[in-house]
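Colleague: Need a 3D model of the following:
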Amino acid sequence: MPFVASVGVLNSFDVGTGNREDLLDIITNISPMDTLYLSGFEKVPANNISHEWLVDILAGFGDPDNGNADVQATPEGSDATFDPLVPRKRLCNLTHIIRRTFDVSDTQRDINTAGIRDEYVYQLRKATMELARFIEFALVHSERQSQTAQGNSGGVLPRKMDGYYAFAAASDPTCATTLGLGSDEMGTVTTVAGNSPDDCIDECILNAHLQAMWEKGAMTDTLWANAAQKRGLSNLVLNPNSQVRYNIPVNDRTVINTVDFYQSDFGTQRIYLHRYQRDDRIATAEANKIRVAVLRPVLAVELAKIGSSTKGMVEWEGTLEVLAPNAIGYIDSLCKGVPGCP
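Modeller: Coordinates of the predicted model:
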């Protein structure tokens, strides 16, 4: 007997919105959370909105190229003579306030939501993660700005710190002019535009920059690079004429970042993939000379209720402390591609 299909079957298309949705009870978010500066630098307290510290420098010992002419010697039986002493210099940075806010209706907090139990708690956690990313970006890119008015007045400019690039380039005239920092006391910036084939990173550029920092006393041990320059640094090993050597201990890798080691004439440098760096720069430093000074650690506050919603805020105040500006620097104006790669 032939099979006869039933034309009266009730299917999902007929029922439509009468069926419950198939909604996973999870929320997926793969936004990157690696904050190498904020997480990696030592934290110290700040006690005022102007955070200050002292730097000093030793007298020069002479120019090796002058040889014997610059050798210090004192005649026997001579009276003591006194050279002018160089006073210590005071550096400073302004504390920087960064805030994230959120507002969740009371109705939404009582709704049966997927993946979370309380919308307010979820938004609080999300705002805290966003705050960390904003702090990291400011630690790299911020330029000093004073706040001349307070509160909610129109047009008030917020106080901003000098970030890494500003300190390295001595872009704040206070450090370079008023305090009289010499070139040996300031950061090292190497601009490669027009000085290299295709203006891409190579061993000559990298070692010349490391040498310039070494001559100021810095023992550079850390490099930070965005994706383009990290690929350029990795590509050095593909050059058959290169003497570059990479050591990649498995124990020094982490689940959130790739760490390579470059063995140079001026020590071994860790190379970190850092998404907050500019694509045409490689940041270099003796990392233990950089700290984050915190005036107010991250604080979550539930704000006053003025209606049927719950308002929240997370806020942080701190600044970048560069104990020795000549211990940091960067290589600038590099190409954004990798020679030999499409």
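Colleague: C-alpha only now, for contacts and for neighbours.
Modeller: Fine.
Colleague: so where's the protein shaky on pLDDT?
Modeller: By pLDDT under 70, the weakly predicted segments of the chain are 1-7, 10-32, 171-179, 194-198, 237-259, 337-342.
Colleague: let's see 80
Modeller: The model of the chain has pLDDT under 80 over residues 1-33, 151-154, 170-181, 193-198, 235-260, 336-342.
Colleague: which residues sit against the helix ranked longest in the chain?
Modeller: Counting residues, the longest helix found in the chain (DSSP state H) is helix 119-141. With contact meaning CA atoms under 8 Å, 6 or more residues apart in numbering, helix 119-141 is reached by 33, 35-38, 98-104, 108-109, 113, 116, 162-166, 276-277, 300, 310, 312-315, 319-320.
Colleague: if you set the cut-off to 7 Å instead, what comes out?
Modeller: 33, 35, 37-38, 98-100, 102, 104, 108-109, 116, 163-165, 276, 314, 320 (CA atoms under 7 Å, 6 or more residues apart in numbering).
Colleague: Buried among these? Need that as a selection in PyMOL.
Modeller: Remark: buried members of the contacts of helix 119-141, expressed as a PyMOL selection using 16 or more other CA atoms under 10 Å:
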select buried, resi 35+37+38+98+99+100+102+104+109+163+164+165+276+314+320
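Colleague: Which ones among the contacts of helix 119-141 lie within helices?
Modeller: 37-38, 108-109, 164-165.
Colleague: hang on, the earlier thing: for the longest helix of the chain, which positions count as buried?
Modeller: Within helix 119-141, the residues scored as buried using 16+ other CA under 10 Å are 119-120, 123-124, 127-128, 130-133, 135-141.
Colleague: Provide the strand pairings for whichever strand or helix holds residue 93, with the direction of each partner.
Modeller: Assigned by DSSP states H and E, residue 93 belongs to strand 89-94. Paired with strand 89-94 in the same sheet, following DSSP bridges, are strand 50-55 (antiparallel).
Colleague: And the contacts of the strand it pairs with?
Modeller: Contacts for strand 50-55 (CA under 7 Å, 6+ apart): 88-95, 324.
Colleague: same check, this time on stretch 87-94
Modeller: 49-56, 160-162, 175, 179, 319.
Colleague: Just flag the most distant two among these.
Modeller: 56 and 160 (25.7 Å; CA to CA).
Colleague: Which of these two has more residues huddled nearby?
Modeller: residue 160 (21 against 13; other CA atoms under 10 Å).
Colleague: Surely the more buried one and residue 147 touch.
Modeller: No - in this structure, residue 160 is not within contact of residue 147 by CA atoms under 7 Å, at 8.1 Å.
Colleague: Dump the contacts of strand 50-55 into CSV; add distance to residue 294 and neighbour count as well.
Modeller: As requested, these are arranged in CSV below (distance: CA to CA, whole Å; neighbours: other CA atoms under 10 Å):
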residue, distance to residue 294, neighbour count
88, 24, 11
89, 22, 14
90, 19, 12
91, 17, 20
92, 14, 20
93, 12, 23
94, 11, 23
95, 8, 27
324, 18, 24
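Colleague: Okay, residue 224 and residue 271: tell me how far apart.
Modeller: Counting by CA to CA, to the nearest Å, the separation of residue 224 from residue 271 is 6 Å.
Colleague: Then residue 89?
Modeller: For residue 89 relative to residue 271 (CA to CA), the value is 32 Å.
Colleague: Format the CA atom coordinates belonging to stretch 51-64 as CSV.
Modeller: C-alpha atoms of stretch 51-64 as CSV (Å, rounded to 0.1, in the frame of the first residue of the first chain):
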residue,chain,number,x,y,z
HIS,A,51,53.0,64.0,41.8
GLU,A,52,56.7,64.8,42.1
TRP,A,53,60.1,63.0,42.3
LEU,A,54,63.8,63.9,42.0
VAL,A,55,66.4,63.0,39.5
ASP,A,56,70.2,63.5,39.6
ILE,A,57,73.1,62.8,37.3
LEU,A,58,76.8,62.1,37.8
ALA,A,59,79.5,64.4,36.5
GLY,A,60,80.9,63.4,33.1
PHE,A,61,84.1,61.2,33.2
GLY,A,62,85.4,62.4,29.9
ASP,A,63,85.2,61.7,26.2
PRO,A,64,86.8,58.3,25.3
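Colleague: Buried ones in that stretch, by neighbour count?
Modeller: residue 51.
Colleague: and it, how far from the chain's centre?
Modeller: On the basis of CA atoms, centre = their mean, to the nearest Å, stretch 51-64 is displaced by 26 Å from the centre of the chain it belongs to.
Colleague: Next: stretch 121-137.
Modeller: Here stretch 121-137 is found 16 Å from its chain centre; the criterion is CA atoms, centre = their mean.
Colleague: cool, and stretch 98-113?
Modeller: 31 Å.
Colleague: Residue 224 sits in which helix or strand?
Modeller: strand 222-225.
Colleague: Using neighbour counts, pick out the buried residues of the very next helix or strand once past that strand.
Modeller: Downstream of strand 222-225, the next assigned helix or strand under DSSP H and E is helix 227-235. Of all the residues in helix 227-235, those buried under the rule 16+ other CA under 10 Å are 227-233, 235.
Colleague: For residue 294, give its distance to residue 188.
Modeller: Counting by CA to CA, the gap from residue 294 to residue 188 is 26 Å.
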